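Visitor: coords please:
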Amino acid sequence: MSTTETSKSDVSENRRGVSDVEIDPIKDSLEGLRYGALQIMGGTDATLFVAFPTGKPEDASRIKEDRMTQVRKQTAVEGRRLRLPTITNWHLLGAIVVLWMAPPLSLEAQTPPPPVDAEAIYRRLEQQDAEIQWLRTRLSAGPGWAAGSPEFLATPAESTSAATAEFNELRSRVDAIEKAQAGPKADKPAADDWVGVSREKWTVKLGGHVQLDQILWAQASPQIDGDQNYVAFRRLRLVADGTGYGVYDFRLQMTLEPGSESTDPFYTAAVKDAYLSMNEIPGIGRMRIGNFFVPFSLEQVTNDTNNIFLERSIPTQGIFAADREIGMAIYNCTPDRNMTWAVGMFFDNISDNVKVRFDDNQGCRVSGRLTWLPYYDEPSNGRYLIHTGVGVLYTDDHDDLARFRARPQINQGPFLIDSGGLPADSYTTGNIEGAIVWGPVTVQSEAFLSSVHLDAVGPATIGGAYVHLSYFVTGENRIYERFGQHGAQFGRNVPFMNFLLFPGGAGWGAWEFKTRWSNLNLNNLDAGDYSDLTVGFNWYWSDRTRVMCDWIHPVTTAGARFGAAHADNIGMRFDFNW
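Guide: I've put the predicted structure just below:
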């Protein structure tokens, strides 16, 4: 036999010998080598336990040593040994790539193993060595590559695209998780986009208002008739406020306080507020229809619960400023809310209790109000501000009779000044208003001038004014609403600490001291002049509960109803609302 034939025979026998060798120990040893490669790339401690595809935890160091010994013994067949290339760390990584993609191997052979082609293994190892070199280059580029990642198993061309795809997927999933944790956020529509609100419904809040008064006539001039002490509910009301459909709001306020009895078949509980508003109308702002305050006078449009005296000043309510009337109005303001304006048209003086009038001459009232804040301290939310305003109110009287009269700033009792019914078809009133809030100090004032068109003698001019000062000894300030329910107005005062009594401590609420002078001059109507001085305090238990005390000293001149007279009244009120 030639040398060539002998070599071929040896190779043939060598291949037959390898094919006859039990292959399971080799596979098991390669699983150990796989762990060793992971140890090299990931820095795993060789003493750790690892779960192989069989699912059995074993000591990696022992398995690696035992199985390598078995391989060396069983690969020697008929005195020949299968020469394996020198195994380096990077060859170990090549082995892991092959086995990572293979199905789990069982430690117990179920079927005869296929023959092993040694030359194919050599070629595969050389290919894996080249890939390991490329992976080494990638690893040196940064910490993002690690054993076990999907990119570790890819070729150089595939791994780049695979890494990019996985990165984008992970980023999308992280973004989705962050959005889910943050909660849903509605996209803010652009200024010109429409937002659908047609399917919204009403949200209604019920409330109420209780004011209990005790009035004492401490002394009065003998000629004053009707100076009797009394206790009464000044206000006893139920309120429903609602918002809905994106831009609408409404209010319904009914009274339960005692009033004069009437035989009118249409007589009901007094309706104070009963209106619907549409807000955010382009170019218009707010439009309101129903029964509500005529937009005229700062003191008049400030709600009853937010005024600081028992009653509004002499020239305001029922004299120069209209109360609630049936009609419609529009309100608007500048974007910074430093300027507001309002105009309205109303029926003249329809009864709160009857709310119906059968007459060809319904009368009307047309009003306008403009306010401006020359100074408003934004950081303190209006703790320091200057308010100015002007207004005009035209009245076409429904019965061609004008009457101007006033009590001593209490709700019940004799009218100390009264012009009587004056034949007049109309009158026009203008006013200027101002207020300064400077921390705990507030000064507020208004002046009115009215021209009454008397049928007999023509126009007659009358007027009035008030000014009041208040001071919070506990440090609070009056709350100002730049564009409130009725435009620029004062809001609800809030104590720094409520009035509380509990074991180990107490809160004393807010204390406000106040004084006011007011005047009504009807001399041009031969009805005299009336002035009064008021001094008192308010004790705020909370923003919705307070105790009020006023001492009122009215003085009239000879032309007034009772002539030159004076009196002293003490009024106490317990006021709460919800």
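Visitor: Any regions of the stretch 151-300 of the chain where pLDDT drops low?
Guide: For the stretch 151-300 of the chain, the stretches flagged by pLDDT under 70 are 151-164, 166-167, 170-171, 173-174, 177-195, 258-268.
Visitor: which residues are contacting stretch 366-381?
Guide: Residues outside stretch 366-381 that contact it (C-beta atoms under 8 Å, 6 or more residues apart in numbering) are 294-298, 301, 322, 329, 337-346, 382-394, 433, 482, 487-488. C-beta here means a position set from N, CA and C on the backbone, and glycine is covered the same way.
Visitor: Just the buried ones from the residues you listed?
Guide: 294-298, 301, 322, 329, 338-344, 346, 382-385, 387-389, 391, 393, 433, 482, 487-488 (16 or more other C-beta atoms under 10 Å).
Visitor: returning to what we had before: mind checking which of the contacts of stretch 366-381 are in strands?
Guide: Secondary structure from DSSP state E places 329, 339-346, 384-394, 433, 482, 487-488 of the contacts of stretch 366-381 in strands.
Visitor: Look at residue 307 and report its pLDDT.
Guide: Looking at residue 307, its pLDDT reads 94.
Visitor: and if you look at residue 26?
Guide: 49.
Visitor: Wait, residue 218 touches residue 570, no?
Guide: Yes - under the criterion of C-beta atoms under 8 Å, residue 218 makes contact with residue 570 at 5.7 Å.
Visitor: tell me the domain ranges of this structure?
Guide: 3-148, 206-577 (automatic domain parsing).
Visitor: Lowest-scoring secondary structure element of the protein by mean pLDDT?
Guide: Among the helices and strands of the chain, strand 49-51 carries the lowest confidence by mean pLDDT, DSSP states H and E, at a mean of 39.
Visitor: coming back round to it: among the domains of the chain, which comes closest to residue 197?
Guide: Proximity to residue 197, assessed across these by C-beta to C-beta, is greatest for domain 206-577 (2.9 Å).
Visitor: on that earlier part again, adding distance to residue 169, write the domains of the chain out as JSON lines.
Guide: Output for the domains of the chain, formatted as JSON lines (distance: least, C-beta to C-beta, whole Å):
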{"stretch": "domain 3-148", "distance to residue 169": "15"}
{"stretch": "domain 206-577", "distance to residue 169": "40"}
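Visitor: Single out the most deeply packed of these.
Guide: Among the domains of the chain, the stretch with the highest mean neighbour count (mean count of other C-beta atoms under 10 Å) is domain 206-577, at a mean of 18.
Visitor: all strands of the stretch 251-400 of the chain, in order?
Guide: Assigned by DSSP state E, counting those that start in this stretch, the strands in the stretch 251-400 of the chain fall at 271-281, 285-293, 324-333, 339-346, 364-376, 384-396.
Visitor: And residue 412, how far from residue 466?
Guide: Here residue 412 is placed at a distance of 21 Å from residue 466 (C-beta to C-beta, to the nearest Å).
Visitor: now do residue 249
Guide: As for residue 249, its distance to residue 466 is 31 Å (criterion: C-beta to C-beta).
Visitor: mind listing the helices for this structure?
Guide: 3-20, 24-42, 60-74, 89-100, 118-141, 156-182, 298-301 (DSSP state H).
Visitor: contacting residues around the lengthiest strand in the chain?
Guide: Across the chain, the longest stretch assigned as strand under DSSP E is strand 202-220. With C-beta under 8 Å, 6+ apart as the test, strand 202-220 has contacts from 227-245, 304-305, 310, 410-413, 565-578.
Visitor: again, only this time at 7 Å
Guide: 227-244, 305, 410-411, 567-578 (C-beta atoms under 7 Å, 6 or more residues apart in numbering).
Visitor: Repeat that for stretch 563-578.
Guide: 207-221, 223-224, 227, 234, 305, 310, 408, 410, 544-558.
Visitor: Which residues are in contact with residue 507?
Guide: By C-beta under 7 Å, 6+ apart, the contact set of residue 507 is 497, 498, 499, 500.
Visitor: I meant residue 307, not that one.
Guide: Counting by C-beta under 7 Å, 6+ apart, residue 307 has contacts residue 299.
Visitor: Start the count at 37 instead of 1 going forward.
Guide: Renumbered: residue one is now 37, and that last one reads residue 343.
Visitor: Distance-wise, check it relative to residue 278.
Guide: Taking C-beta to C-beta, one finds residue 343 at 25 Å from residue 278.
Visitor: same question, residue 583
Guide: Residue 583 is 31 Å from residue 278, by C-beta to C-beta.
Visitor: Repeat that for residue 432.
Guide: 33 Å.
Visitor: got it, and residue 534?
Guide: Separation of residue 534 from residue 278 (C-beta to C-beta): 28 Å.
Visitor: cool, and residue 351?
Guide: According to C-beta to C-beta, residue 351 stands 35 Å off from residue 278.
Visitor: and what of residue 325?
Guide: For residue 325 relative to residue 278 (C-beta to C-beta), the value is 15 Å.
Visitor: for residue 232, same thing?
Guide: For residue 232, the distance to residue 278 - C-beta to C-beta - is 20 Å.
Visitor: Report the contact partners of the closest residue to residue 419 other than its chain neighbours.
Guide: Distances taken as C-beta to C-beta, 6 or more residues apart in numbering place residue 513 nearest to residue 419, at 4.8 Å, with adjacent residues excluded. Counting by C-beta under 7 Å, 6+ apart, residue 513 touches 419, 473, 475, 476.
Visitor: ok, of those residues, which one's closest to residue 557?
Guide: Checking these against residue 557 by C-beta to C-beta gives residue 473 as the nearest, at 28.5 Å.
Visitor: That closest one: what's it in contact with?
Guide: Contacts of residue 473 (C-beta under 7 Å, 6+ apart): 418, 419, 420, 421, 513, 514, 516.
Visitor: What residues are bridge-paired with the closest residue to residue 531 other than its chain neighbours?
Guide: Leaving aside its chain neighbours, residue 531 sits nearest to residue 546 (3.5 Å; criterion: C-beta to C-beta, 6+ apart). Residue 546 has the following beta-bridge partners by DSSP bridges: residue 576.
Visitor: tell me the angle of the longest strand of the chain relative to strand 307-317?
Guide: Going by axes from the mean of the first three to the mean of the last three C-alpha atoms, to 10 degrees, strand 238-256 is angled at 130 degrees with respect to strand 307-317.
Visitor: Could you list the paired strands of strand 238-256 along with their orientation?
Guide: Partners of strand 238-256, by DSSP bridges, with direction: strand 266-280 (antiparallel), strand 601-613 (antiparallel).
Visitor: What's the mean pLDDT across the shortest one?
Guide: What that stands for is strand 601-613. 97.
Visitor: Output that strand as PDB - backbone C-alpha positions only.
Guide: These are the backbone C-alpha positions of strand 601-613, laid out as PDB (Å, rounded to 0.1, in the frame of the first residue of the first chain):
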ATOM      1  CA  ALA A 601     -82.900 115.100  63.700                       C
ATOM      2  CA  HIS A 602     -80.300 112.500  64.700                       C
ATOM      3  CA  ALA A 603     -80.200 109.000  66.100                       C
ATOM      4  CA  ASP A 604     -77.900 106.200  67.200                       C
ATOM      5  CA  ASN A 605     -78.400 102.700  66.000                       C
ATOM      6  CA  ILE A 606     -76.500  99.500  67.000                       C
ATOM      7  CA  GLY A 607     -76.700  96.600  64.600                       C
ATOM      8  CA  MET A 608     -75.400  93.100  65.100                       C
ATOM      9  CA  ARG A 609     -75.300  90.300  62.500                       C
ATOM     10  CA  PHE A 610     -74.400  86.700  62.400                       C
ATOM     11  CA  ASP A 611     -73.600  85.800  58.800                       C
ATOM     12  CA  PHE A 612     -72.800  82.400  57.200                       C
ATOM     13  CA  ASN A 613     -73.100  80.900  53.800                       C
END
